[in-house]
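In: Fold the following, please.
(one chain, ligands or ions: 2)
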Amino acid sequence: MARDWQDLFIVDGAPATADEAPAATEERRMGRFRRLRENLRKTRQALTSEIQATLFEDLSDETWERLEEALIYADVGAQTTAQVVEQLEREATSGQISGGEALTARLTELLADIARTGDDRIDLTAEPTVILVAGVNGTGKTTTVGKLAWHLRKELGQSVVLGAADTFRAAGVEQLELWAERAGVGFVKGPPGSDPGAVAYDTIAAARRDGADVVIIDTAGRLHTQDDLMAELAKVRRVISKQIPEAPHETLLTVDATTGQNGLRQARLFSDAVDVSGLVLTKLDGTAKGGIALAIAHELGIPVKLIGVGEKLEDLRPFEPSEFARALVS
Ligand SMILES: Nc1nc2c(ncn2[C@@H]2O[C@H](COP(=O)(O)OP(=O)(O)OP(=O)(O)O)[C@@H](O)[C@H]2O)c(=O)[nH]1
Ligand SMILES: [Mg+2]
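Out: Ligands and ions are numbered 1, 2, ... in the order given. Down below sits the predicted model:
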């Protein structure tokens, strides 16, 4: 079932919604699943009509070819698609499963399995926990930082401080400040053009002084090929770990889902250069290429932890492979 914030994040003490009746929790989860299905409408429409036209008809070589094409079109990726469809074909041919519904259910399961990798939770028990957000220009870092701060405060009662380490552009700092206000969380910036490492340092110092639970550092967009900027990011990390040896506890890489396979390539090169512990797949709303959420973890070996499904505060959610696969194909 749908993954809750309490399932993704490990926090000290009792879960924030412990007093909620199970029925109410279930209701919320169902509501979220419906919204996810709606967000993935474009990808789902294309996929489900092909599934109807293949798995629910007489099976032949063409069935598997058409299914492969549909999954590749949804950006599940050639390698991942081949692996999943071969397995399904094997099971169908051997007579293990038959019938459109059973085949669709098995396809959903195979897609979900492929999307699971590594440790897919985020531990917030360190005081403070430091989360660093990095990625290519315009992939949704600042927006994700704002949404994440709001959810951590609202869903988990965490006190959060944001650090504006994207000191490249004044507008970047202002944008984050606005998100901090909307989310109702703390905010630290430096003088214009200041050193990103210094801002990270000040943010952690402020969090320690105020006893904040979580620090989230927003960084400037960069490409893995920009050596000076990659060195700068490495320096921010060094400054952070000088203050807290285990930090950053989490390094999230944002990937724009609408850029499809290109985004995946960029993410691979980026994660080769920086130690990334989780992916945030953004802009999954409104794309017909939502299948990438299932392939990217498999192909990079890094779990997808969060997905962005819109531009508003509430449009960020924990990623759960089975739920996502079901929302996509059923
Ligand atoms: N539809 C949609 N838009 C999003 C989502 N996440 C971010 N955006 C939009 O994408 C654009 C870029 O987002 P930012 O958060 O500024 O991206 P960034 O990575 O911080 O950009 P730079 O700091 O310039 O590298 C903005 O217009 C956001 O509103 C999402 O999940 N869905
Ligand atoms: Mg930004």
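
In: Can you pull the residues of the stretch 51-200 of the chain lying near ligand 1?
Out: Gly135, Asn137, Gly138, Thr139, Gly140, Lys141, Thr142, Thr143, Asp166, Gly172 (Cβ under 6 Å from any ligand atom). (Glycine included, C-beta is placed from N, CA and C.)

In: Present these as CSV; the columns should include secondary structure, pLDDT and neighbour count.
Out: Putting these into CSV (DSSP: H, G, I helix; E, B strand; the rest coil; pLDDT from 0 to 100; neighbours: other Cβ atoms under 10 Å) gives the following:
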residue, secondary structure, pLDDT, neighbour count
Gly135, strand, 96, 28
Asn137, coil, 95, 12
Gly138, coil, 95, 13
Thr139, coil, 96, 28
Gly140, coil, 97, 23
Lys141, helix, 98, 26
Thr142, helix, 98, 24
Thr143, helix, 98, 24
Asp166, coil, 96, 24
Gly172, helix, 92, 20
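
In: From what I see, Leu110 and Gln87 are in contact.
Out: Yes: if you go by Cβ atoms under 8 Å, Leu110 and Gln87 touch, sitting 5.7 Å apart.

In: And these two? Which one has more around it.
Out: Leu110 (20 against 15; other Cβ atoms under 10 Å).

In: which residue does the chain bring closest to ligand 2?
Out: Proximity of the chain to ligand 2 (Cβ to the ion) peaks at Thr142, 3.3 Å away.

In: Contact partners for that residue?
Out: Residues in contact with Thr142 (Cβ atoms under 8 Å, 6 or more residues apart in numbering) are Asp166, Gly172, Gln175, Leu176, Trp179, Asp218.

In: let's see it at 7 Å
Out: Gly172, Gln175, Leu176, Trp179, Asp218 (Cβ atoms under 7 Å, 6 or more residues apart in numbering).

In: So which of those residues wins on neighbours?
Out: When neighbours are counted by other Cβ under 10 Å, Asp218 leads the contacts of Thr142 with 28 neighbours.

In: Check whether that one sits in a helix, strand or coil.
Out: Under DSSP: H, G, I helix; E, B strand; the rest coil, Asp218 falls in the strand class.

In: I'd guessed it sits against Asp166; true?
Out: Yes: between Asp218 and Asp166 there is a contact under Cβ atoms under 7 Å: 5.4 Å.

In: circling back to that earlier point, can you tell me how far the residue of the chain closest to ligand 2 sits from Thr219?
Out: Computed with Cβ to Cβ, to the nearest Å, the distance linking Thr142 and Thr219 is 9 Å.

In: Format the residues of the stretch 51-200 of the chain next to ligand 1 as TSV; extra columns: distance to Thr117.
Out: Formatted as TSV, those follow (distance: Cβ to Cβ, whole Å):
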residue	distance to Thr117
Gly135	19
Asn137	26
Gly138	26
Thr139	20
Gly140	22
Lys141	22
Thr142	27
Thr143	25
Asp166	29
Gly172	31
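
In: Closest to Val276 out of those?
Out: Taking Cβ to Cβ as the measure, Gly135 is the one of these closest to Val276, at 9.3 Å.

In: Could you find the closest non-adjacent residue to the closest one?
Out: Thr254 (3.8 Å; Cβ to Cβ, 6 or more residues apart in numbering).

In: Also Val76?
Out: Gly291 (3.8 Å).

In: Next, give phi and psi for the one you found.
Out: For Gly291, the backbone dihedrals are phi -60, psi -20 (criterion: degrees, to the nearest 10).

In: pLDDT at it, what is it?
Out: In this model, Gly291 is scored at 92, pLDDT.

In: okay, now it: neighbour count?
Out: 30.

In: Any idea how far stretch 241-251 is from the middle of the chain?
Out: Centre-to-centre, stretch 241-251 and its host chain are 21 Å apart (Cα atoms, centre = their mean, to the nearest Å).

In: How about stretch 221-239?
Out: When C-alpha coordinates are averaged (Cα atoms, centre = their mean), stretch 221-239 and its chain have centres 21 Å apart.

In: So what touches that stretch?
Out: Contacts of stretch 221-239 (Cβ under 7 Å, 6+ apart): 132, 134-139, 141, 165, 196-197, 200-201, 219, 248, 269-270, 273-274.

In: Backbone dihedrals for Asp12, both of them.
Out: phi -70, psi 150.

In: Skipping adjacent residues, who's closest to it in space?
Out: Using Cβ to Cβ, 6+ apart, the closest residue to Asp12 is Thr125 (5.4 Å).

In: next one: Arg326
Out: Thr108 is the one closest to Arg326 (Cβ to Cβ, 6+ apart), at 5.6 Å.

In: Against Arg208, how distant is that neighbour?
Out: 45 Å.
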